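Participant: Take a look and give me a structure for this.
(one chain, ligands or ions: 1)
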Amino acid sequence: MKLKNVLFEIEGSIAVVTINRPDKLNALNSKTINELHQVFQNLDDNNAIRVIILTGSGEKAFVAGADIAEFAEYTAREGKRLSKEGQEKLFDYVENLKTPVIAAVNGFALGGGLELAMACHFRVASHNARLGLPEVSLGVIPGYGGTQRLPQLVGKGRAMEMILTAGMIDVDRAFEFGLVNHVTSVEELNGFCKKIALKIASNSPIAISYAIKAVNAGFKDDQDGFQTEIKAFGACFATEDFEEGTTAFLEKRKADFPGH
Ligand code: COA
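Facilitator: Below is the predicted model:
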């Protein structure tokens, strides 16, 4: 697949994926969603990639939302399909990858942009970021998981206020809410995310993928988080990573994990 709206670069075990429609503030149209799906799938299948950083192109936006021009004429049936397909192809897909994804929020993260950042495993933002779910100002509701993930991350009352006012919050408020884990300067954002990524990359990728699965299971109605944890914990004992991790500790050396 030839990519037009998404760029990616690989530096050792870390991949940086950049949504690249800066003239439209990186708004997510269906082509961009399809390309992101393809890129994430390829990177997740690549055992050498241990962490993915997702960011937006340009100085203004991470992603300013779903592409309003694309869906403005949709019928109710098309609207439902847009939401369902988007959730399956991108938002749920990213959340359930075995490779951790860090959102490097470098500007506006609105609507689908905030929803995408929330589908990532955690978020770091630069000072200029503004976050919000403005959908009700357009006569629609968040459709890419925002009504579910925002309350999970910040609590129901804060999520309700953000969704119902359609307002934006700045990074200080987002940090106070726990919506972003760290705030950096614009210049430091990528380097900061890479530092965290390197820390993650030195750990067992198999254990990391099981940890993601167990944490996510607790937020799914059809799964039992504690039971998932028990199963995943047990499964770790049969892995090369467990053998290497425990042996390295006992031999007082740094573990060198083979990969997924
Ligand atoms: N969908 C489609 N196009 C979008 C977009 C979106 N979600 N967000 C921005 N754009 C486009 C604008 O239409 C404009 O395109 P143009 O130059 O061809 O007219 C371009 O990106 C730049 O945006 P502009 O509005 O001129 O920038 P600004 O700095 O004045 O305002 C925002 C920035 C983010 C406040 C404003 O673009 C905005 O409100 N965007 C929509 C946010 C939103 O409601 N998202 C949820 C969608 S469900």
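Participant: which regions of this protein lie under the pLDDT threshold?
Facilitator: 259-260 (pLDDT under 70).
Participant: Can you spell out the domain ranges of it, please?
Facilitator: What automatic domain parsing lists as the domains of the chain is 6-201, 205-250.
Participant: The protein against the ligand: which residues are in contact?
Facilitator: Applying Cβ under 6 Å from any ligand atom, we find that the chain lies next to the ligand at 24-25, 27, 64-69, 108, 110-112, 134-135, 138. The way it works is simple: take the backbone N, C-alpha and C, and place the C-beta from them, glycine included.
Participant: hmm, back to that, could you redo the domains of the chain as a markdown table and give each row mean neighbour count?
Facilitator: Converted to a markdown table, those look like this (neighbours: other Cβ atoms under 10 Å):
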| stretch | mean neighbour count |
| --- | --- |
| domain 6-201 | 19 |
| domain 205-250 | 15 |
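Participant: Mind putting those into a markdown table with distance to residue 258?
Facilitator: Output for the domains of the chain, formatted as a markdown table (distance: least, Cβ to Cβ, whole Å):
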| stretch | distance to residue 258 |
| --- | --- |
| domain 6-201 | 9 |
| domain 205-250 | 5 |
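Participant: which SSE is residue 163 in?
Facilitator: Using DSSP states H and E, residue 163 maps to helix 156-165.
Participant: how about the helices of the stretch 151-260 of the chain, start to end?
Facilitator: Ranges of helices within the stretch 151-260 of the chain are 156-165, 171-177, 189-201, 205-217, 225-236, 240-250, based on DSSP state H, counting those that start in this stretch.
Participant: And the helices in the stretch 1-150 of the chain, which stretches?
Facilitator: 30-45, 68-71, 76-86, 92-95, 112-119, 146-154.
Participant: In this structure residue 8 contacts residue 43, no?
Facilitator: Yes: contact criterion Cβ atoms under 8 Å: residue 8 and residue 43 qualify, at 7.2 Å.
Participant: Give the intersection of the neighbour lists for those two.
Facilitator: Listed contacts common to residue 8 and residue 43 are 15, 17; contacts here mean Cβ atoms under 8 Å, 6 or more residues apart in numbering.
Participant: would TSV of the helices of the stretch 151-260 of the chain with distance to residue 55 be doable?
Facilitator: Below are the helices of the stretch 151-260 of the chain laid out as TSV (distance: least, Cβ to Cβ, whole Å):
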stretch	distance to residue 55
helix 156-165	22
helix 171-177	15
helix 189-201	7
helix 205-217	20
helix 225-236	30
helix 240-250	29
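Participant: and the gap between residue 254 and the ligand?
Facilitator: Distance, residue 254 to the ligand, using Cβ to the nearest ligand atom, to the nearest Å: 45 Å.
Participant: My guess is that residue contacts residue 247. True?
Facilitator: No: with contacts counted by Cβ under 8 Å, residue 254 stays clear of residue 247, the gap being 11.5 Å.
Participant: Many thanks, I have nothing further to ask.
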